[in-house]
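S.K.: pasting the sequence and the predicted model now:
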Amino acid sequence: MDTPAATADTILVATDITTDATLVKDMLNPEFNHIFTSTDPDKLPGDFVRHRPDVLVLAFNTLEKSERYYLCLFRLCKLVYQYPHRTVILCSKDELKRAYELCRKDYFDNYVLFWPMCQDSSRLPMSIHSALRELSTLKSDVPSAAEFAAQARSLAELGKALDKQVAQSGQHIESPQHLKQWAQEVKQKCEPLMKSVDVLKAMAERIQPIVLVVDDDELQRIIIGNHLKAENYQHIFASDGFEALNLLRKTQPDIILMDVMMPGMDGMETIRRLKAVPQSANIPVIMITGKSEGLVVVDCMKAGAVDFVVKPLNRAILIDKITRVLNTAVSPLPH
């Protein structure tokens, strides 16, 4: 009895060998409806735009080819970091360690030991099922922890302001007596709200904002990470612009710290690209710069950065700027 197709989501199998593309497609056909292949190197970016895959399977016979392909795709096709999708790379036994490192760094989402054909033939479709479930959760309307924390902090500020107004109204009303009584009743009715706000505030304090640090200097990342850890901020790292854009497909940080000078894709180009994507356009970016990069900083501010810090980093200044930007960026409560 054949297994019925489980989903209508789109899968794109990319490779430079036609027979390998056919092999992978035939393995996936029993469980998935929309499977396409892309084997012409000149048409790879166009194939991604045309099919808009939910899962991209990189079925090249070497990991190096998969890396080159995806890097080229990022450079030539803006839709890659605008359209939510997941990546699965096929690798050989000798490439397992490298595949693990690439996925751990979030360059790719998952890897499957495939070359030569292994006994666990169900491993590939299972990895695609997992990727589609993760995408489904990402596309749902459930607010993220960061969004909840922002709204809770906003509620807490609203509650403090309301409490202050109620207290002031009671102080300023001296007569007649029924107005004093009215102020007291209002205060009593607001007490449950104030208690709820206190609970929300405590929860918000436990859900710390997420800071994405984009810097190719490992020592600099360690220093910044220690500064953030001391303030109980959650933090994630990207070593270059490509890794940062890839992370932003799956992660919604509250703020980004980005080095200006990086190899491959510098901070200027990275901020331009992330500001062009709806899901990351509103994330505030603080640039990290050297003193000699004044003109570059001006251009970065024009591109969408909200502030900058100068190397060597001063911990107090860095934390103060992060706190100020986060407080400014708290979203208003929905009506």
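M.R.: Yep, that arrived.
S.K.: contacts only, for residue 302.
M.R.: Residue 302 makes no contacts at all, as judged by Cβ atoms under 8 Å, 6 or more residues apart in numbering. Every C-beta, even on glycine, is put in place using the N, C-alpha and C of the backbone.
S.K.: oops, could you answer that again for residue 214 instead?
M.R.: 237-241, 243-244, 256-259, 262, 267, 270.
S.K.: change it to 10 Å
M.R.: Residue 214 makes contact with 221, 236-241, 243-245, 247, 256-259, 262, 265, 267, 270-271, 274, 285, 287-288 under the criterion Cβ atoms under 10 Å, 6 or more residues apart in numbering.
S.K.: below-threshold pLDDT in the stretch 1-150 of the chain: ranges please.
M.R.: 1-8, 118-119, 138-150 (pLDDT under 70).
S.K.: isn't there a strand covering residue 57?
M.R.: Yes. Counting by DSSP: H, G, I helix; E, B strand; the rest coil, residue 57 is part of a strand.
S.K.: ranges for the strands of the protein?
M.R.: Listed in chain order, the strands of the chain (DSSP state E) span 7-14, 32-38, 55-58, 86-92, 110-115, 210-214, 234-238, 255-259, 285-289, 307-310.
S.K.: possible to save these as CSV with distance to residue 297?
M.R.: Shown next, in CSV, are those (distance: least, Cβ to Cβ, whole Å):
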stretch, distance to residue 297
strand 7-14, 39
strand 32-38, 40
strand 55-58, 36
strand 86-92, 34
strand 110-115, 38
strand 210-214, 16
strand 234-238, 20
strand 255-259, 12
strand 285-289, 5
strand 307-310, 5
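S.K.: ok, which of those comes nearest residue 78?
M.R.: Nearest to residue 78 among the strands of the chain is strand 55-58; the distance by Cβ to Cβ comes to 15.4 Å.
S.K.: which helices and strands sit right next to that closest one?
M.R.: With contacts defined as 3 or more Cβ pairs under 10 Å, 6 or more residues apart in numbering; DSSP states H and E, the secondary structure elements packing on strand 55-58 are strand 7-14, helix 18-28, strand 32-38, helix 63-76, strand 86-92, strand 110-115, helix 123-139.
S.K.: can you give the distance from it to the centre of its chain?
M.R.: 19 Å (Cα atoms, centre = their mean, to the nearest Å).
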